[in-house]
Structure formats: C-alpha cells, structure tokens
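> for reference, the sequence and a predicted model appear below.
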Amino acid sequence: MENTSVNNSDYLEELLDERPKPSEPAVVANDLLAQKYFEIELQKRHEALVSLQNLRTQIGTFVGTANFAALGLAFSNTQAGLVMLSSGLFILFIAVDYIARSLEIAYYFRYINIKSLFVKRDPFADIQFDDHTMAEISRIGKIADIRQQTMELRKLSRSLWTFIGFLLPLLICLCEVTLGMVLWLYYGWKLF
C-alpha cells in the first residue's frame with residue numbers, strides 16, 4: 001500500500017518536472033490536438049483579418065457616398081453650412097478606422113505568432129503592412145515579457161499617421177471646411 005503512494009507521488013513529481021517551463025513554449029509541435037487547434041485558430045484569424053479589411057472598405061465607401069450626397073444637396077440648395085457639416089463624416093471615418101486598425105494589428109500579430117509554428121518564413125504572406133510595421137511586429141514578437149509585449153503592441157496599434165486612414169480624410173475634411181467658408185463669405189451662399 002505504501003509503495004503505491006510513493007509511486008503516485010513519484011509519478012506526480014515526474015509530471016511536474018515535464019511541464020513546460022515559463023521560458024519554454026507551452027505548446028509542443030508534436031501534440032496533434034494543439035496542432036489542430038492552432039490550424040483552426042490560424043484559419044479563423046485569417047478570416048477575421050479579411051473580414052475586418054472588407055469592413056473598413058465598406059465603411060470608407062459608405063462615408064464617401066454619404067459625403068457626395070451631402071455635397072450634392074449642399075450645392076443644389078446653395079448652403080455653405082452643409083458643405084462644412086459634410087466634412088464631419090470624414091472625422092467619423094478617421095475615428096472608426098483608428099479602432100479597426102487597432103483590431104487589425106492585434107489580429108495580425110496573433111496570426112503571425114501562430115503561423116510561425118507551422119512556417120518559419122513566408123515573405124509573401126506578410127505584405128499587407130509596410131516595412132516599418134512589420135519590423136515593429138517582429139521586434140514585439142521577440143519580447144519575452146507578455147505584459148511588456150502587450151503594451152508595445154497597443155502603442156503600435158494606436159499610431160494615427162496613415163495615409164488612407166488619417167491623412168487623406170483629414171485633407172478632404174479641411175478642404176471641405178475651407179470650401180464652405182469661401183462659399184459662405186465670398187460667394188454669399190446661405191449658411192443653412
């Protein structure tokens with residue numbers, strides 16, 4: 001009887017010794033269930049990325065169409081205030097795109113981490129971000145401390161300065177506000 005309890009405790013100690021250490025990856029590549037799990041997660045992350053990119057495109061298309069409709073209404077009624085108000089749609093687009101890009105980078109970071117379990121280097125799959133962002137994602141992936149890694153990833157995803165998501169809508173917004181002011185002050189259009 002005592003012999004079995006000693007064997008059980010020895011067995012438990014062996015199991016504890018075989019656990020992955022904090023510096024080791026928690027997933028062993030040979031584990032079939034873990035591999036299947038990561039294959040499914042990789043597929044789902046890719047689908048989420050594509051879906052998020054499509055959503056950003058749809059939101060941009062909606063904002064552009066709504067802006068043209070508001071401008072058409074403003075020009076047909078000669079209302080300079082409506083020209084200026086229609087520029088607010090681009091401010092809304094900047095805010096929504098900012099949130100979407102934060103999600104996209106987080107999804108992409110996880111996608112790259114999972115993909116690296118299966119393929120070490122695949123340069124053609126990683127072309128959706130610019131070189132600077134890819135270098136930052138690679139640098140963040142090498143950080144061992146999860147908390148520090150998360151903080152760095154959040155900083156990266158909060159960058160505003162993109163051409164399509166920030167600069168172009170901001171320039172259009174400023175041009176529309178300027179146009180509205182010129183039409184109101186110099187051409188005598190009514191404000192509303």
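Cool, the structure landed. On a predicted model such as this, the values are computed, not experimentally measured, just so you know.

> can you check which helix is longest in the protein?
In the chain, with assignment by DSSP state H, the single longest helix is helix 32-77.

> so what does that one touch, helix or strand wise?
helix 80-86, helix 88-118, helix 168-185 (3 or more CB pairs under 8 Å, 6 or more residues apart in numbering; DSSP states H and E). C-betas here are computed from N, CA, C, even on glycine.

> can you tell me which of those the model trusts least?
If you rank the helices and strands packed on helix 32-77 by mean pLDDT, helix 88-118 sits at the bottom with a mean of 86.

> center of the chain, which residue is that?
E104 (1.9 Å; CA atoms, centre = their mean).

> show me what contacts that one?
When contacts are counted by CB atoms under 8 Å, 6 or more residues apart in numbering, E104 touches 49, 52-53, 56, 157.

> show me where pLDDT drops low in the protein?
Applying pLDDT under 70 to the chain picks out residues 1-30, 121-130, 157-161.

> if we use 90, what do you get?
Counting by pLDDT under 90, the chain contains low-confidence ranges at 1-39, 42, 46, 49, 53, 97-147, 149-167, 192.

> and for the nearest residue to L42 once chain neighbours are set aside, the neighbour number?
What sits nearest to L42 in space, not counting adjacent residues and going by CB to CB, 6 or more residues apart in numbering, is I114, at 4.6 Å. The number of residues packed near I114 is 20, by other CB atoms under 10 Å.

> shouldn't I114 be in contact with E41?
Yes. In this structure I114 lies within contact range of E41 using CB atoms under 8 Å: 5.8 Å.

> now Q79, which residues is it bridged with?
Note on Q79: beta-bridge partners K190, judged by DSSP bridges.

> just confirm it contacts L191, I think it does.
Yes. Between Q79 and L191 there is a contact under CB under 8 Å: 7.1 Å.

> I'd guessed L153 sits against A106; true?
Yes. With contact defined as CB under 8 Å, L153 reaches A106; the gap is 6.5 Å.

> ok, the two, which is more surrounded?
Taking neighbours as other CB under 10 Å, L153 and A106 compare with L153 leading, 20 against 17.

> among the contacts of E104, which two are most distant?
Within these, two members stand farthest from each other by CB to CB: Q53 and S157, at 15.0 Å.

> I'd like to know how many residues surround L49.
L49 has 17 neighbours, counted by other CB under 10 Å.

> sorry, slip of the keys, the one I care about is S51.
The tally of other residues near S51 (other CB under 10 Å) stands at 11.

> what do you get for A70?
If you count neighbours by other CB under 10 Å, A70 ends up with 19.

> once you drop chain neighbours, what's closest to it?
Sequence neighbours aside, S86 is the residue nearest to A70 in space, at 3.6 Å (criterion: CB to CB, 6+ apart).

> thanks again, I'm all set now.
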